[in-house]
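[1] Pasting the sequence and the predicted model now:
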Amino acid sequence: MNRYQVAIYIRLSKEDDRCREESNSIAMQRILLRRYAADNFTDYDLHEFCDDGYTGTNFERPGMQDMLECIRNNEINCIIVKDFSRFARDYIELGFYLEQIFPFMGVRFISINDNYDSNNYQGSIADIDINFKNLVYDLYSKDLSEKVRSSLAIRKEQGQYVSGNSPFGYEKDPKDRHALLIVEDEAEIVKQIFSLTVEGYTSVEIARLFNENHVKTPIEFKIEKGKTSKIPKGNRFVWNSSTICQILRNEIYIGNIVQKKYTKDFVGGKNHLNPREEWMISYNHHEPIIDRETFDKVQKGRGLKRNPQHNITHPLTGKLVCGCCKKNLCYRTGLNPYFTCNQRYSNAMKNCVDRVNAMFLEQCILFMMQDKMRADGKMEKLHMEEVHRLDREIKEQKEKKNLLLAQIEKIKQQNFEAYQNYVSGKTDRFHSDQVMVKSMENELANLNKIVQKMEAVYNNMVCERESLSVGNRFAELSKEMIECYIDKIVVHDGQHIEIFWKNQVSVA
């Protein structure tokens with residue numbers, strides 16, 4: 001048998017922390033999992049993945065994502081967790097991984113407290129008690145999260161500061177975690193930012209000035225105080241204009257706290273920005289760093305010279321990365337649209353990308369994509385499989401449309417007949433299912449929109465295949481094409497580009 005590549009996965013959520021379950025602590029989980037691995041494996045390599053302060057209701061956790069990436073690369077063939085709830089508290093997702101993904105990838109899964117080892121269930125479905133435990137974990141997690149959210153809502157109504165993190169320039173009062181105290185060295189930097197803005201400096205100019213003078217960034221202050229342990233993408237952490245802007249518009253610095261700015265649609269879901277009139281502002285909550293007059297003056301001067309070109313996107317946006325600072329490149333329109341690295345203007349790194357012609361990048365990437373597809377028939381095969389899959393989905397949606405339309409017509413006919421019977425005296429009452437018809441018509445309208453979008457994507461993909469397969473050097477890149485084949489593109493300058501294909505790399 002091959003040497004085991006064992007991954008121990010540790011997770012502690014904010015809910016666990018509030019409940020103060022000592023057995024669930026990071027340290028205790030680590031001891032338990034390492035001891036189990038040592039007692040049950042002789043020939044193995046140990047890998048550790050940890051998520052501290054992340055919910056188990058979804059898989060959007062850095063440690064989890066790193067572990068899954070290693071599994072995809074065949075670097076791990078065994079996972080050990082304390083119990084199922086550490087891995088996931090979503091019943092459906094957990095079952096999907098246990099019953100389908102891990103067996104397919106050849107990964108052994110062990111849950112110590114649940115007495116579960118996937119090696120004991122090969123070729124069969126896990127016992128009903130295992131599935132029942134998963135369901136209980138899922139329901140418990142959602143119930144606990146809902147209770148925590150309700151508790152936080154009450155505290156927000158009372159004007160208490162409930163965030164787990166303190167804003168730059170402040171720290172939590174050791175005597176009252178809902179109160180904020182000024183941190184003098186950080187507050188001095190905040191004052192400098194507002195002062196320079198009043199003098200006429202832009203956010204980019206302030207960021208550049210701070211980087212040239214090696215002013216510590218907020219993350220560096222946290223690292224110094226042992227609150228985090230992050231590694232910079234480039235050579236060092238740098239100030240950027242977005243960080244400066246976030247500080248300038250934050251009312252926390254005049255003593256106010258703004259809450260209920262975002263709403264999560266469901267437990268484990270995404271945050272959505274609420275309308276400003278729904279925000280809850282608690283005035284004079286803590287000692288201010290900036291006076292109200294200065295803050296108002298800064299707000300009046302900000303955002304007056306907005307360039308509309310910044311709102312225009314390009315299919316390559318989000319895929320292009322600066323070869324120097326590793327930040328995403330920004331798209332700029334005009335007579336000759338180009339991509340540039342904003343960090344070049346706000347930090348001291350002179351090797352950041354200045355400007356690379358957008359059309360040149362498009363054609364260069366398109367040429368390399370065509371060459372790649374000619375050299376590797378699998379990409380074209382994958383493309384065609386996606387086209388066929390989309391074609392099947394469109395047909396299924398159209399069948400749903402036709403079925404729904406037939407049901408609507410049937411109900412309308414029944415309503416008409418019922419009305420005729422009522423008018424002719426055959427029945428004493430007339431009942432119409434008009435509400436149901438309206439609901440079904442709304443559903444039909446939504447299906448129409450879905451089919452239209454899917455057909456547009458399908459037509460695009462067919463055109464892309466034709467363009468690429470015949471070697472048309474004047475084909476246009478699309479977002480769908482880029483997402484399908486390219487992971488990221490590292491740009492060093494106009495002549496040196498690295499394309500990271502899905503699972504491969506190519507250099508131009």
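    Noted; the coordinates are in hand.

[2] State the number of residues packed around residue 69.
    The tally of other residues near residue 69 (other C-beta atoms under 10 Å) stands at 11. Where C-beta positions appear, they are placed from N, C-alpha and C, glycine not excepted.

[3] again but with residue 84, I slipped
    23.

[4] same thing with the one 10 residues further on?
    Burial of residue 94 is recorded as 23 neighbouring residues (other C-beta under 10 Å).

[5] Which strand or helix spans it?
    Taking DSSP states H and E as the definition, one finds residue 94 inside helix 91-96.

[6] now do residue 178
    Using DSSP H and E, residue 178 sits within strand 176-182.

[7] packing partners for that strand?
    Contact here means 3 or more C-beta pairs under 8 Å, 6 or more residues apart in numbering; DSSP states H and E; on that basis strand 176-182 packs against strand 170-173.

[8] Report the distance from the strand it packs on to the chain centre.
    Distance of strand 170-173 from the chain centroid (C-alpha atoms, centre = their mean, to the nearest Å) equals 28 Å.

[9] Then stretch 86-98?
    Centroid separation for stretch 86-98 versus its chain: 19 Å, with C-alpha atoms, centre = their mean.

[10] Pull out the CA atoms of that stretch and give them to me as PDB.
    These are the backbone C-alpha positions of stretch 86-98, laid out as PDB (Å, rounded to 0.1, in the frame of the first residue of the first chain):
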ATOM      1  CA  ARG A  86     -15.700  20.000  12.600                       C
ATOM      2  CA  PHE A  87     -15.600  19.100   8.900                       C
ATOM      3  CA  ALA A  88     -19.100  20.400   8.000                       C
ATOM      4  CA  ARG A  89     -22.500  21.100   9.600                       C
ATOM      5  CA  ASP A  90     -24.400  21.100   6.400                       C
ATOM      6  CA  TYR A  91     -26.000  17.700   6.200                       C
ATOM      7  CA  ILE A  92     -26.400  17.600   2.400                       C
ATOM      8  CA  GLU A  93     -22.800  18.800   1.700                       C
ATOM      9  CA  LEU A  94     -21.200  16.400   4.200                       C
ATOM     10  CA  GLY A  95     -23.100  13.400   2.700                       C
ATOM     11  CA  PHE A  96     -22.000  14.500  -0.800                       C
ATOM     12  CA  TYR A  97     -18.400  14.400   0.200                       C
ATOM     13  CA  LEU A  98     -18.600  11.100   2.200                       C
END
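
[11] what residue lies at the spatial centre of this structure?
    When the chain is reduced to its mean C-alpha position, the nearest residue by C-alpha atoms, centre = their mean turns out to be residue 60, at 6.9 Å.

[12] so what's the closest residue to it other than its chain neighbours up against?
    Take residue 60 and drop its neighbours on the chain: the residue closest to it by C-beta to C-beta, 6 or more residues apart in numbering is residue 54, 7.9 Å away. Applying C-beta atoms under 8 Å, 6 or more residues apart in numbering, we find residue 54 in contact with 11, 13, 60-64.

[13] Do you know the pLDDT at the residue nearest to the centre of the chain?
    With respect to pLDDT, residue 60 has a value of 81.

[14] Residue 158 too?
    Looking at residue 158, its pLDDT stands at 63.

[15] Tell me the buried residues within the contacts of residue 54.
    Those of the contacts of residue 54 that meet the buried threshold are 11, 13, 61, 63-64, by 16 or more other C-beta atoms under 10 Å.

[16] Select from these every entry located in helices.
    63-64 (DSSP state H).

[17] Now tabulate the buried ones among the contacts of residue 54 in a markdown table and tack on distance to residue 284.
    Below are these laid out as a markdown table (distance: C-beta to C-beta, whole Å):
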| residue | distance to residue 284 |
| --- | --- |
| 11 | 39 |
| 13 | 33 |
| 61 | 37 |
| 63 | 40 |
| 64 | 41 |
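
[18] Confidence-wise, which of the buried ones among the contacts of residue 54 comes last?
    Minimum pLDDT across the buried ones among the contacts of residue 54 falls on residue 13, with 73.

[19] how close does that one get to residue 114?
    18 Å (C-beta to C-beta, to the nearest Å).

[20] and what of residue 210?
    For residue 210, the distance to residue 114 equals 51 Å [C-beta to C-beta].

[21] repeat for residue 4
    20 Å.

[22] Could you do residue 86 as well?
    10 Å.

[23] what do you get for residue 10?
    16 Å.

[24] These two: which has the busier surroundings?
    Comparing residue 10 with residue 114 by other C-beta under 10 Å, the one with more neighbours is residue 10, at 23 against 18.

[25] what bridges to the more buried one?
    Counting by DSSP bridges, residue 10 is bridged to residue 50.

[26] biggest helix in the protein, by residue count?
    Ranked by residue count and defined by DSSP H, the top helix of the chain is helix 377-423.

[27] for this structure, where's the lowest mean pLDDT among helices and strands?
    In the chain, the helix or strand scored least confidently by mean pLDDT, DSSP states H and E is helix 14-19, which has a mean of 49.

[28] Good, we can wrap up now.
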